[in-house]
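model this:
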Amino acid sequence: MPARTLAELTTFRVGGPIGALVEAADEAGFVEAIRRADERGEPLLVLGGGSNVLACDAGFPGVVVRDRRSAIAVRSEGAAAGQAEGGPIRVEVSASAGAVWDDFVVWSLERGLSGLEALSGIPGTVGAAPVQNVGAYGHEVSDRLVSVRAWDRAEGAVVELPAADLALSYRDSLIKRSLREEGSAGRVWGPTGRWVVLEARFALEASAMSAPVLYRELANRLGVEVGERAEARRVRSGVLDLRRSKGMVVDPADHDTWSAGSFFTNPILSAGAAKGLPEGAPRFPLGDGRVKTSAAWLIDHAGFAKGFAVPGARAGGAALSSKHVLALTNRGDASAAEVVELALAVRAGVEERFGVRLVPEPVGVGVTW
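Numbering: from 1, shown residues only. Below is the predicted model:
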């Protein structure tokens, strides 16, 4: 039976009824469903794995469109410009937007292609990855992305967008920013942006060795120094072990994974604001005068421990993960309102303690914070 609520379509497992659901099996059907909704002025939500969405209890009165394609293919092989002789061969691969991201990572490793192994276990689909510029353990999609083919809702045409034109930055992109911009008929584009990814192309390496390991916790687990390479399959295994220990690998039996993963982005502060943080707060200079700090550290040191729930919260409602304070979770039958209440409590506590306002990472569908 087709899904009737957003709770059935998202990893948070909250969200009310939907107006209509279209499951597209090919690109023509996918584009047509989007075009038709826009033509009729219907609210549109293009949904991948639903792993970065918090939907309201009232639901979504418009059309939910899901891309069910999963094609992945090698597009070209050859040495990259300026590549040292004898170095790894550059291999460009493409994946349909509907392909499950972690399936794509597995596909690449099975064919001896490295570069995505640190991004193992990230939920969601290939199409969502460039929108959010997903990243983990020191690596981001932008490290390997070449271009995307996308449907431009404003122009009504398929366009090719080179990665250099996507303004990719920490958990952000041109596509993501368009969610908040005005589209047709004076309405903002969101909750789906102006450009809908159809296919993404990546540059990988024909090598059994990983990209440099950049995250100390992972390097320690693998027995290598930061900046060194390891066998790519070992890196994947190490990443999955770390993610599971933090409740960041989706498991229906584990309520710590009934979430959207990390709920808040790591704050990026001016040098002056960073100086106001306590001495022990993490500081990661970005090279442009700004400093990134850890949202998890701020939450923890503002007094929000693992498993925290707002005073008076009912059992089975919303609470911080028992494994990681950065994940807000549904403990069984939470409502979106309860998740938002928890998010606002955490954000207010951090802002009161440190003067830093946390920014939610998930796309809100009918919710405000």
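
least trustworthy helix or strand in this structure by mean pLDDT?
Averaged element by element with mean pLDDT, DSSP states H and E, the chain has its least confident helix or strand at strand 72-78 (a mean of 90).

What pairs with it, parallel or antiparallel?
Strand 72-78 has the following strand partners under DSSP bridges: strand 89-96 (antiparallel).

Check which residues of the helix or strand just after the strand it pairs with are buried.
Going down the chain from strand 89-96, the next helix or strand is helix 101-110, by DSSP states H and E. Using 16 or more other Cβ atoms under 10 Å as the test for burial, helix 101-110 gives 101-102, 104-105, 107-109. Every C-beta, even on glycine, is put in place using the N, C-alpha and C of the backbone.

got a list of contacts for the least confident helix or strand of the chain?
Residues outside strand 72-78 that contact it (Cβ atoms under 8 Å, 6 or more residues apart in numbering): 89-96, 99, 104, 107, 111, 201, 206.

what's the closest of the buried residues of helix 101-110 to Gly289?
When those are ranked by distance to Gly289 (Cβ to Cβ), Trp101 comes first, at 33.1 Å.

chain center to the strand ranked longest in the chain: distance?
Determined from DSSP state E, the single longest strand within the chain is strand 195-206. Offset of strand 195-206 from its chain centre (Cα atoms, centre = their mean, to the nearest Å): 15 Å.

one step back: okay, the angle between the least confident helix or strand of the chain and strand 195-206?
Relative orientation of strand 72-78 versus strand 195-206 (axes from the mean of the first three to the mean of the last three Cα atoms, to 10 degrees): 50 degrees.

which residues does the most centrally placed residue in the chain contact?
Most central in the chain under Cα atoms, centre = their mean is Val134, positioned 4.6 Å from the mean C-alpha point. Applying Cβ under 8 Å, 6+ apart, we find Val134 in contact with 101, 119, 122, 124, 128, 140-141, 171.

For it, what are phi and psi?
Note on Val134: its backbone torsions stand at phi -60, psi 150 [degrees, to the nearest 10].

do Thr192 as well
Main-chain dihedrals, Thr192, degrees, to the nearest 10: phi -120, psi 140.

for the closest residue to Gly307 other than its chain neighbours, what are its contacts?
Leaving aside its sequence neighbours, Gly307 sits nearest to Ser322 (Cβ to Cβ, 6 or more residues apart in numbering; 4.8 Å). Counting by Cβ under 8 Å, 6+ apart, Ser322 makes contact with 247, 256, 306-307.

Out of these, the closest to Arg177 would be?
Once Cβ to Cβ is applied, the member of these that ends up nearest Arg177 is Gly247, at 29.3 Å.

in whichever helix in the chain runs longest, what counts as buried?
Scanning the chain for the helix with the most residues, using DSSP state H, yields helix 336-354. Neighbour-count burial for helix 336-354, counted by 16+ other Cβ under 10 Å, picks out 336, 338-343, 345-347, 349-350, 354.

Can you verify my assumption that Ala163 contacts Leu145?
Yes: when contacts are counted by Cβ atoms under 8 Å, Ala163 is listed as touching Leu145 (4.4 Å).

what is in contact with those two at once?
Shared contacts of Ala163 and Leu145 (Cβ under 8 Å, 6+ apart): Pro130.

follow-up on the earlier one: take the buried residues of helix 101-110 and write them to a markdown table, including distance to Pro43 and pLDDT.
Below are the buried residues of helix 101-110 laid out as a markdown table (distance: Cβ to Cβ, whole Å; pLDDT from 0 to 100):
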| residue | distance to Pro43 | pLDDT |
| --- | --- | --- |
| Trp101 | 26 | 99 |
| Asp102 | 30 | 98 |
| Phe104 | 29 | 99 |
| Val105 | 32 | 99 |
| Trp107 | 34 | 99 |
| Ser108 | 36 | 99 |
| Leu109 | 39 | 99 |
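
Pipe those into a markdown table and attach distance to Glu181 per row.
Below are those laid out as a markdown table (distance: Cβ to Cβ, whole Å):
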| residue | distance to Glu181 |
| --- | --- |
| Trp101 | 26 |
| Asp102 | 31 |
| Phe104 | 29 |
| Val105 | 31 |
| Trp107 | 34 |
| Ser108 | 33 |
| Leu109 | 37 |
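
With that, I have no additional questions.
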